[in-house]
Each structure stands twice: as structure tokens, then as C-alpha cells.
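Student: quick one: sequence plus predicted model below, questions after.
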Amino acid sequence: MRILIEVPVWLGDAIMASVAINNLLKKFPEARFTIFGSFVATEIYKGFPAVESVVVDCSKKASNRYINLMKTAKEIGKFDLAFSFRRSFSSKFLFFFVKADKKFKYARLTSKSTHQVKRYNDFIAHSLQCEFELTDWQIPRGVAPPRAASLLDRKSF
């Protein structure tokens, strides 16, 4: 089974999505995952188990963003499931061209004030029609956000 996950653009949101993504890893332990998103957001998922590839979205730098997204959708191949944690037009455009048996795009399920970690977890649970435990956010050991990693590599502060 192959699963595509488009992570949120911003690092903080990508970290908050880690709870839901970890629940996907638990639900589908045999699956191979492809992570798609901005450089900073995808970096933290490189150390996750079962992540077979990370695709950085460079479409904003392309001469035509939407042609670039169409080509990317074709190049990444076919998936059994595809999840997008984004609500932007470009995400909807990409997912139109992604080949997947089932596609799920993030939507708020309630207008109540709720933490984003819970919203992301509820999105995955609702999409798969199951219940998932809401845990603390999790990033594998040894994986640090890109900026923090470069700061830690410096000899003096």
C-alpha cells in the first residue's frame, strides 16, 4: 500500500500534524509513505518510519506553478490513499491530478475553538471512519527542524 501525505506549509503546523501522521503509521504499518510539501515542513518527516520518499514542492519557483504541480502529480505515481492537510487552491489543483484510489482533503469538522492538533487528528479519523488516540506531538529522535539543526551544528553561540 502506498500513501501520499501533503503536509502543511509552515513548520509549526507540520509538527502539529505529526500526531495524525503517526496515527496513520500505526493504522497502516505495512504502507509506504510519500511526504509532499515545503522544504522546512518535509524535513521533519525524513526520519519517520515507513517514509519511502520526500518530495519538496518547488512549484512556487517554477515559471508556471500549475503546470509544475501537474507534472509532479504525474511523476510521484499512483497511491492507494492520499491525504492533504492543506486547504489552498494549489493543493486542490494538485490533488485533482494525483492518482489515488481515495483522496482526502483537510476540512474543519467543527467551528468550535479547538487546538489544531485535534483538528488534524479528527480529519484523519473522520476520513478513515475510525477513532484515533490524541497523543502528544511526536518527531523521531535525531530529527530536528532544519533551522534548529543548523544552529546546533555551530561550535559557538
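Tutor: Done, it's in. Numbers count the residues shown, from 1 in each chain.

Student: name the residues that touch stretch 3-11?
Tutor: When contacts are defined by Cβ atoms under 8 Å, 6 or more residues apart in numbering, stretch 3-11 is touched by residues 14, 16-17, 21, 24, 28, 31-38, 40-42, 44-45, 76, 79-86, 91, 94-95, 98, 100, 145. The way it works is simple: take the backbone N, C-alpha and C, and place the C-beta from them, glycine included.

Student: what about it, start to end distance?
Tutor: Across its full length, stretch 3-11 reaches 21 Å end to end, with Cα to Cα, to the nearest Å as the criterion.

Student: I'd like the average pLDDT over it.
Tutor: Model confidence over stretch 3-11, given as mean pLDDT, is 92.

Student: re earlier: mark which of the contacts of stretch 3-11 are part of strands, please.
Tutor: Within those, residues falling in strands by DSSP state E are 32-37, 79-84, 100.

Student: need those in a markdown table (columns: neighbour count and distance to R108).
Tutor: Supplementary listing: these in a markdown table, determined by neighbours: other Cβ atoms under 10 Å; distance: Cβ to Cβ, whole Å:
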| residue | neighbour count | distance to R108 |
| --- | --- | --- |
| R32 | 14 | 29 |
| F33 | 24 | 24 |
| T34 | 19 | 25 |
| I35 | 24 | 22 |
| F36 | 25 | 21 |
| G37 | 26 | 19 |
| F79 | 22 | 24 |
| D80 | 14 | 25 |
| L81 | 20 | 21 |
| A82 | 25 | 19 |
| F83 | 27 | 15 |
| S84 | 23 | 14 |
| A100 | 18 | 22 |
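
Student: can you put the residues you listed in TSV and add distance to F123 and pLDDT?
Tutor: TSV is the format used below for the ones in strands among the contacts of stretch 3-11 (distance: Cβ to Cβ, whole Å; pLDDT from 0 to 100):
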residue	distance to F123	pLDDT
R32	21	95
F33	17	95
T34	18	94
I35	16	94
F36	16	93
G37	16	92
F79	17	95
D80	18	96
L81	13	96
A82	13	95
F83	8	95
S84	10	94
A100	16	93
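
Student: how about these in a markdown table, adding distance to S111?
Tutor: Putting the ones in strands among the contacts of stretch 3-11 into a markdown table (distance: Cβ to Cβ, whole Å) gives the following:
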| residue | distance to S111 |
| --- | --- |
| R32 | 36 |
| F33 | 31 |
| T34 | 32 |
| I35 | 29 |
| F36 | 28 |
| G37 | 26 |
| F79 | 31 |
| D80 | 32 |
| L81 | 27 |
| A82 | 26 |
| F83 | 22 |
| S84 | 21 |
| A100 | 29 |
